[in-house]
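Engineer: next input, structure requested:
(chains A and B)
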Amino acid sequence: MLFAIGLAATLIPLVLLLILGVHVVWTGWERLDLAFVTSFPSRFPASAGILPGLLGSLWIVSVTAIVALPIGIGTAIYLEEYGRFTASPNGIRFHLARVIDININNLASVPSIIYGLLGLEIFARTLGFGRSLLAGGLTMALLVLPMVIISTREAFRAVPRSVRDAGLALGCSRWQVTRYIVLPMIWPAVLAGSIFAVSRAFGEAAPLIVLGAVSYVDFLPGDLSAPFTALPIQIFYWLSRPQAGFEIDAAAGIVVLLMTLLGLNGFAIYLRYRYRTAA
Amino acid sequence: MADTPTSRRERTFERLLLACASVSVATTLAIVLVLVIETLRFFAEVPLLRFVTDVEWRPRFAEPSFGIWPLVLGTCLTTVVALAVAAPLGLLSAVYLVEYASNRVRRILRPTLDLLAAVPTIVYGYFALAVINPFLQGIIPGLATYNPLSPGIAIGIMITPLVSSLGSDAIDAVPENLREAAYALGASRLATIVNVVLPGAATAIGGAVLLGVSRAMGETMIVAVAGGQQPRLSLDLRIPIETMTAFIVRAAEGDTPAGTLAYRTLFAVGTTLFLMTFTTNLIARRLMRRSRLA
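Structural biologist: Predicted coordinates for the structure are as follows:
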């Protein structure tokens, strides 16, 4: 009895996801062609496209990755290789690692829109970047940073302590152990975790809207100081329009968004799988 | 420590890594600082007393009114609906995954459920507006195009994997010998789960559900798409409302110049939201830590 109810409860969300998938493809089908991906937005739903949004999103994700990955992986290394293994329980490193650890968990649960307010005040106003790609990318980098740290440090934890001890016993320094022994063992998992985390920046809209991403862009961003829109924001504005035609555009945009995310995450899952079978 | 090239390089690397790690601490400080400063400026213009005693939210009217409660109520309505969906679904699926599913089934189902959490929230917004709401309008008379019900259900589906996954951990942590003791006394599987496993995991399950609540309160795009833009003090689930998050999105859409009251209003609402999600999180983590799970 409970077996059947439990199974149903597990399957209901999945069935709804399936319905959603079929619905967007069904609704957006007539707009899904090359012209949709290579056109600018328009007042007329039938000729509107997602080019500026798609490129804007790619720019944002690139900035996010360039900023968040080194910092995030660096933090993971510090917490796992320096904080966890070298620290005596009363040492400064131990306490630092603990404070940072608690802090990351708190940061990960801050609503994304709050990051938008942070970016608006710090990047757009105080530092004077305005409503630019740079401000958007930096805001997103701060948003995904806790996730990069959490998902990459898992990889470091999978390495047994004996491996590190062997390196240290041979006279390696802590950094040499990390660089030449630990990282080569786990880089596919680190990469997979990074992709999982950074791909969130591709689908996130709320912080960018608060930051002042613009709704209508009829040019392509040339550099990081350009105003921008992003694919999820484009979808949001289409959903806010009363004409039925724009709902079709929104559905088609969602198909492109989901396919891109599926590609990114699929690659990450493949990496993770390969790594598991190799280890 | 000897001052050799290796040890010097070693110290440089450690400092670099420490610098990376401090970015996240700096981010936290910056968030708190920004919220506090702009909110204090807001309260220099609008008395705190009016913020918490006025019953209307009309920040843009000629005679503005800054009562936060309509926005808080909007957030609570969508959150309660989300909870009504996610708590039963998440818990039942957690019980199924831990107590009934075979290892093979679990290995397939858990990552598939996690897919739900990877779907961008704007997509759930579409789901609420274009799929759930038309369906509900056929059942519930008088259901408006925008309402807290449909986005609430969408949020519920979105956070179900979180509740299910944390709930599984909670149930998994109940010692096996408790189950065996129940079986030895002749209890059926169902009786064991209801009388032994679930009570044993209750504290941690409470924590799991509260983490879901905190996520639901901060959700933005779903309610911005499907919740409406009419802050009001009403418990009617059929008519448009406005949540704190949806207000911030709508108010930030037009360019709000820094230094104006409109700009500071964003931060005052943001601070209220932050305090609510942060407190919920704190309680959730305490509950989970008490059962040694977090």
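Engineer: now the helices for chain B?
Structural biologist: For chain B, the helices defined by DSSP state H cover B:5-45, B:48-53, B:69-95, B:103-118, B:121-126, B:133-137, B:149-172, B:176-184, B:189-192, B:198-218, B:221-226, B:244-253, B:261-290.
Engineer: of the ones you listed, which shows the lowest average pLDDT?
Structural biologist: The minimum mean pLDDT among these belongs to helix B:103-118 (a mean of 86).
Engineer: just confirm yes or no for that helix near chain A.
Structural biologist: Yes: taking CB under 8 Å from any CB of the partner chain as the criterion, helix B:103-118 and chain A are in contact, through B:109, B:111, B:112, B:113, B:115, B:116, B:118. C-beta: built from backbone N, CA, C; applies to glycine.
Engineer: switch the residues you listed over to a markdown table; also include neighbour count.
Structural biologist: Below are the residues of helix B:103-118 next to chain A laid out as a markdown table (neighbours: other CB atoms under 10 Å in any protein chain shown):
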| residue | neighbour count |
| --- | --- |
| B:109 | 19 |
| B:111 | 12 |
| B:112 | 15 |
| B:113 | 23 |
| B:115 | 15 |
| B:116 | 20 |
| B:118 | 16 |
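Engineer: from those, which single one is nearest residue A:194?
Structural biologist: Closest to residue A:194 out of those is residue B:118 (14.7 Å), distances taken as CB to CB.
Engineer: show me which residues of the stretch 51-200 of chain B sit near chain A.
Structural biologist: B:88-93, B:95-97, B:99-100, B:109, B:111-113, B:115-116, B:118-123, B:125-127, B:129-131, B:157, B:160-161, B:164, B:189-190, B:193.
Engineer: return the most buried member of the helices of chain B.
Structural biologist: Most buried of the helices of chain B by mean neighbour count (mean count of other CB atoms under 10 Å in any protein chain shown) is helix B:221-226; its value is a mean of 31.
Engineer: can that one be found next to chain A?
Structural biologist: Yes: Helix B:221-226 is in contact with chain A by CB under 8 Å from any CB, via B:221, B:224, B:225.
Engineer: ok, so of the residues you listed, who is nearest residue B:46?
Structural biologist: residue B:224 (24.0 Å).
Engineer: hang on, residue B:14 packs against residue A:82?
Structural biologist: Yes: under the criterion of CB atoms under 8 Å, residue B:14 makes contact with residue A:82 at 6.3 Å.
Engineer: so what's residue 147 up against?
Structural biologist: Using chain A here. A:108, A:196, A:197, A:200 (CB atoms under 8 Å, 6 or more residues apart in numbering or on different chains).
Engineer: the chain in question should be chain B.
Structural biologist: When contacts are counted by CB under 8 Å, 6+ apart, residue B:147 touches B:133, B:226, B:227, B:228, B:237, B:238, B:239, B:240, B:241.
Engineer: residue A:271 contacts residue A:187, correct?
Structural biologist: No: applying CB under 8 Å as the test, residue A:271 and residue A:187 come out as separate, 9.3 Å apart.
Engineer: which helix is the longest one in chain A?
Structural biologist: Using DSSP H to define each element, chain A has its longest helix at helix A:244-278.
Engineer: is that helix in proximity to chain B?
Structural biologist: Yes: under the criterion of CB under 8 Å from any CB, helix A:244-278 makes contact with chain B via A:247, A:250, A:251, A:254, A:257, A:258, A:261, A:265, A:269.
Engineer: list the buried ones in that helix?
Structural biologist: Buried residues in helix A:244-278, counted by 16 or more other CB atoms under 10 Å in any protein chain shown: A:246-258, A:260-261, A:264-265, A:268, A:271-272, A:275.
Engineer: which strands and helices sit next to that helix?
Structural biologist: Secondary-structure packing of helix A:244-278 (3 or more CB pairs under 8 Å, 6 or more residues apart in numbering or on different chains; DSSP states H and E): helix A:2-28, helix A:34-38, helix A:183-198, helix A:200-203, helix A:231-240, helix B:103-118, helix B:121-126.
Engineer: which one, of these, ends up nearest to residue A:159?
Structural biologist: helix A:183-198 (6.0 Å).
Engineer: keeping just the C-alphas, turn that closest one into CSV.
Structural biologist: Extracted as CSV, the C-alpha positions of helix A:183-198 are listed here (Å, rounded to 0.1, in the frame of the first residue of the first chain):
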residue,chain,number,x,y,z
LEU,A,183,44.4,16.9,-9.2
PRO,A,184,45.4,14.4,-11.9
MET,A,185,43.3,11.7,-10.2
ILE,A,186,40.1,13.7,-10.1
TRP,A,187,40.1,16.4,-12.8
PRO,A,188,37.2,14.9,-14.7
ALA,A,189,35.1,15.0,-11.5
VAL,A,190,36.2,18.6,-10.8
LEU,A,191,35.3,19.6,-14.4
ALA,A,192,31.9,17.8,-14.1
GLY,A,193,31.1,19.6,-10.8
SER,A,194,32.2,22.9,-12.4
ILE,A,195,29.9,22.4,-15.4
PHE,A,196,26.9,21.5,-13.1
ALA,A,197,27.4,24.7,-11.1
VAL,A,198,28.2,27.1,-13.9
